[in-house]
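> Pasted the sequence and its predicted model underneath.
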Amino acid sequence: MTNMTKGQKLFNNTSYKHEYKVGDLVGVIIDKIATVNIEFKVLACKILSIELVAEDTYAYQLYTKACIISSKFQASDLLNLCNCNFVDLLTVDPTHLPKLTFNEA
């Protein structure tokens with residue numbers, strides 16, 4: 001599958017939402033500066049907790065299959081990956097995962 005086709009498939013399976021719930025699969029776009037390649041990358045995550053930080057503004061604590069990300073994200077930072085199949089992420093128990101920064105994740 002070409003990169004264009006992979007990118008189109010990812011775009012078709014994702015969308016932005018204004019609110020998420022605990023357990024939702026989401027993606028965080030990794031900036032081109034942080035990656036070696038030109039194409040954008042998405043870090044697949046699951047929502048661990050939600051905190052109300054201001055009126056109608058929520059902060060989402062995320063985890064990957066390897067760690068809990070120490071920084072929190074707003075809904076506008078996230079891609080909806082609920083329609084994607086990340087079986088290895090669905091079965092992760094976050095209780096014993098280390099907490100790392102986004103760059104370390």
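That came in fine, so what should we check first? Owing to the predicted nature of the structure, the values given are computational and were not obtained by experimental measurement.

> which regions of this structure sit below the pLDDT cut-off?
1-17, 32-40 (pLDDT under 70).

> Now do the strands in it.
25-30, 41-54, 57-63, 68-73, 78-80, 99-100 (DSSP state E).

> Throw these into JSON lines and include mean neighbour count and distance to T91, thanks.
Every C-beta, even on glycine, is put in place using the N, C-alpha and C of the backbone. Formatted as JSON lines, the strands of the chain follow (neighbours: other CB atoms under 10 Å; distance: least, CB to CB, whole Å):
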{"stretch": "strand 25-30", "mean neighbour count": "19", "distance to T91": "12"}
{"stretch": "strand 41-54", "mean neighbour count": "15", "distance to T91": "10"}
{"stretch": "strand 57-63", "mean neighbour count": "19", "distance to T91": "13"}
{"stretch": "strand 68-73", "mean neighbour count": "17", "distance to T91": "16"}
{"stretch": "strand 78-80", "mean neighbour count": "20", "distance to T91": "20"}
{"stretch": "strand 99-100", "mean neighbour count": "14", "distance to T91": "20"}
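
> Spatially central residue for this structure, please.
G27 (2.7 Å; CA atoms, centre = their mean).

> How about the contacts made by that one?
14, 42-45, 78-79, 81 (CB atoms under 8 Å, 6 or more residues apart in numbering).

> mind redoing it with 10 Å?
10, 14, 41-45, 62, 77-81, 84, 86 (CB atoms under 10 Å, 6 or more residues apart in numbering).

> Could you single out the nearest of the residues you listed to I69?
Distance to I69, by CB to CB, is smallest for L62 among the contacts of G27, at 4.9 Å.

> Identify the spatial nearest neighbour of the closest one, chain neighbours not counted.
Spatial nearest neighbour of L62, excluding adjacent residues (CB to CB, 6 or more residues apart in numbering): C45 at 3.9 Å.

> Next: F86.
A44 (5.0 Å).

> do the same with D77
V28 (6.4 Å).

> Report the beta-bridge partners for that neighbour.
Following DSSP bridges, V28 is listed with bridge partners L43, L78.

> Do I have it right that it meets L78?
Yes. Using CB atoms under 10 Å, V28 is in contact with L78, at 6.4 Å.

> Many thanks, have a good one.
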